[in-house]
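Build me a structure from this.
(chains A, B, C and D)
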Number of protein chains: 2
Amino acid sequence: MNKIKTADPTIHDIARELEISASTVSRALNNNPRISLKTKEKIKAVADSLGYRPNTLASNLRNKKSNTIGIVVPLINRYFFSSVISGVEDVAFKAGFNVVISQSNDMAAKEISIVQSMFLNRVDGLIISIAMQTCTFDHLKLFRKKHIPLVFFDRAVPEIETDKIVVDDFFGGFRVTQHLIDQGYKRIAHLAGPLNLTTYQDRKNGYIEALRKNGLEYDEKLVIINTLTSDEGAPAIEQLMNLPDPPDAIFCGNDTTALSVMIYLREKGVRIPEDVGIVGFSNEPFSKVVSPSISTIAQPGFAMGQKAAELIIQKIENKERTFQTIVLPTELIVRESSRRK
Amino acid sequence: MNKIKTADPTIHDIARELEISASTVSRALNNNPRISLKTKEKIKAVADSLGYRPNTLASNLRNKKSNTIGIVVPLINRYFFSSVISGVEDVAFKAGFNVVISQSNDMAAKEISIVQSMFLNRVDGLIISIAMQTCTFDHLKLFRKKHIPLVFFDRAVPEIETDKIVVDDFFGGFRVTQHLIDQGYKRIAHLAGPLNLTTYQDRKNGYIEALRKNGLEYDEKLVIINTLTSDEGAPAIEQLMNLPDPPDAIFCGNDTTALSVMIYLREKGVRIPEDVGIVGFSNEPFSKVVSPSISTIAQPGFAMGQKAAELIIQKIENKERTFQTIVLPTELIVRESSRRK
DNA sequence: AATATAAATGCAATCGATTGCGCATTTGCA
DNA sequence: TGCAAATGCGCAATCGATTGCATTTATATT
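Just a heads-up that it's a prediction; the model follows:
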């Protein structure tokens, strides 16, 4: 009685069947030119009939690579980030890479833990947008030290030299502010995110530069820094509106805050955009459909993800050795919340 | 001169250092009781000093498992799905599993390709919500045949016996319809999704049952089936409103359609909810903030993901052998688009 | 002290695929 | 016909961790 093979067949099973060596089978399946076409065909036929599937674990062990790209985002279910993930997946899948995903919940401790785990699991490369709270970077420097490709997107770390895909936050902030000025707003406030992140720093600098260029005074009292969650929008705008000289326009660091600001003002009977103009950032889907619709800056999330994946695959496959910082263009989308001309 | 070790140290390096065997090192690091506490401590100290990190690839090969859970969704950047992913990641990470992700873009061909790839890559389990277009299931049956844990969420396949996490779509559809009836709407239309998906089938059945129970006629002309994208909302509602006896309420199969229906009607000067009531499904973030805000059914995406991960981990770790179908409760959220009392 | 028993560790095969080197067979050309 | 070159393939080590079985060492028992 034959032993019933319940386990998956291996190249050795194929080899035995054809009375050849496993090396030949391996080479044949990898289309190695050293094997004749005839043998290759025989081997592939037997492989099919046996229902052979290569064991990627074994192959990966031997080749010292995991065929996997790691991606770490602050929050998976934020439209911008899930779009980036979608873009990464799009390119990576076509190139034969797996994408493993994890979220930091914007907390440094979780981020460190995730990154270390990905390191242990030997991802071939890591794509990351750092958490708001992260301010030490040893866990990321580790990747540089071990020469594991690392790509930042959106939120990058200046002191780490590697590939980066960002948007032009400075110019974004500049354009938002210029737009508000063009619409006749005179006293423009800014709700900024944590300034340890260059994204928020740059947006703020763009804001300041636009004020300066237009001969408007930069008033520190008009800038509030918080984490830009919907909970923190109301207290911030309340503080601003209680100033002796309140603003007539708010440049919000993201759409979430813009929305909560808008809701707060609406409840107070403030007309938007007539009394106060509002602009957000990121072009979350809701910003288009609320009323008034929210002016904002569109960031190409999907394209960012695609580009990040392309870059990291290049590095993994050693086709490129120099680092680049790619700045993707942003687009100002003028909607009802800031149009009064 | 010593040979400079650039490569990662292995258990053999540790063994050599201490002049013991690799088996002992392996056992010590795995906290095997057969190794004395004293040796364990020595070994762990050396491991630390050498900067040892276990090679999970090797370990996985030997243990014939990848320590990885696959998740396949139609679209990553849809709030509901990204919330599920988020929930899966939450539980899986804590349990020490990696999560690899891929999206089918709601296309059968891509889904098949993804699922086969995950099979080849030997995921320990697969969590999936099938694509709208999928109507053959051999790629999924393969997982059952090979006894690789498989969990469906939201969109399940009836003919495959395995774990399933769904919401009570029937009751959801029923409640939406009952609610509309309670609000005094008399002629209620339904925009349904493809009926090969039980989710949409069930919602529709709930709709029919509510009509029946309230003595309202079920009129097939009031039911339109499409893929529920924003593009297809307008033609569908147009067709309905052109009926000799148009509806006064629309139960939309998802929020996306509900929104496009609403925009269409608003342009035509139809008042919502006074003239026509609208209810969606899924509680996308925008449904709360548009005006009028859209009544909808909340689906607990994050909780679904968590539950799916828990179930599949149980199966992977062989703690549970029977299949269960978990029906999570939905919640009717009444908002402006359907409240006229 | 001698033997029985328990405790601690080592040997070597294994997981499945890959690859440098070498051997054997075939082909080419004078 | 004879010899070199090209072609086709196999051997065995390797990737790093795990584990059944064997062996050594320490402790207990009479």
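
quick one: is stretch A:141-149 near chain B?
No: residues of stretch A:141-149 are not located near chain B by C-beta under 8 Å from any C-beta of the partner chain, the shortest gap being 8.5 Å. Quick note: C-beta positions are derived from backbone N, CA and C, even for glycine.

what kind of secondary structure is the closest residue to A:Phe302 other than its chain neighbours in?
Spatial nearest neighbour of A:Phe302, excluding adjacent residues (C-beta to C-beta, 6 or more residues apart in numbering or on different chains): A:Gly87 at 4.1 Å. A:Gly87 carries the three-state label helix when classified by DSSP: H, G, I helix; E, B strand; the rest coil.

correct me, but A:Gly87 touches A:Glu310?
No: counting by C-beta atoms under 8 Å, A:Glu310 is not a contact partner of A:Gly87; they are 9.7 Å apart.

residues shared between the contacts of these two?
Counting by C-beta atoms under 8 Å, 6 or more residues apart in numbering or on different chains, A:Gly87 and A:Glu310 have no common neighbour.

Tell me which of the two has more neighbours.
Neighbours around A:Gly87 and A:Glu310, counted as other C-beta atoms under 10 Å in any protein chain shown, are more numerous at A:Gly87. The numbers are 24 against 19.

Next one, pLDDT for the more buried one please.
The pLDDT attached to A:Gly87 in the predicted structure is 98.

again with A:Ala210
Looking at A:Ala210, its pLDDT stands at 98.

what's the answer for A:Asp8, then?
The predicted local confidence for A:Asp8 comes out at a pLDDT of 85.

same thing with the one 3 residues further on?
Confidence at A:Ile11, expressed as pLDDT, is 94.

Likewise for A:Thr330?
According to the prediction, A:Thr330 has pLDDT 93.

Please determine how far it is located from A:Pro247.
23 Å (C-beta to C-beta, to the nearest Å).

what does A:Val46 give?
76 Å.

any idea how chain A splits into domains?
Following automatic domain parsing, one gets these domains for chain A: A:11-54, A:67-167+A:301-327, A:169-299+A:332-338.

Do a quick rundown of the strands in chain A.
With DSSP state E as the criterion, chain A has strands at A:68-73, A:98-103, A:125-128, A:150-153, A:163-167, A:188-192, A:223-225, A:249-252, A:277-279, A:296-298, A:325-328, A:331-333.

The fourth one packs against which elements?
So that's strand A:150-153. Contact analysis of strand A:150-153 by 3 or more C-beta pairs under 8 Å, 6 or more residues apart in numbering or on different chains; DSSP states H and E lists strand A:125-128, helix A:138-145, strand A:163-167, helix A:301-316 as its packing neighbours.

who touches the third one?
Contacting residues not belonging to strand A:163-167 are listed as A:149-154, A:156, A:198-199, A:299-300, A:304, A:307-308, A:311-312, A:315, A:323-330 [C-beta under 8 Å, 6+ apart].

Now with 7 Å, please.
A:151-154, A:156, A:299, A:304, A:307-308, A:311, A:323-328, A:330 (C-beta atoms under 7 Å, 6 or more residues apart in numbering or on different chains).

Of these, keep whichever come out buried.
Neighbour counting by 16 or more other C-beta atoms under 10 Å in any protein chain shown classes A:151-154, A:156, A:299, A:304, A:307-308, A:311, A:326, A:328, A:330 among the contacts of strand A:163-167 as buried.
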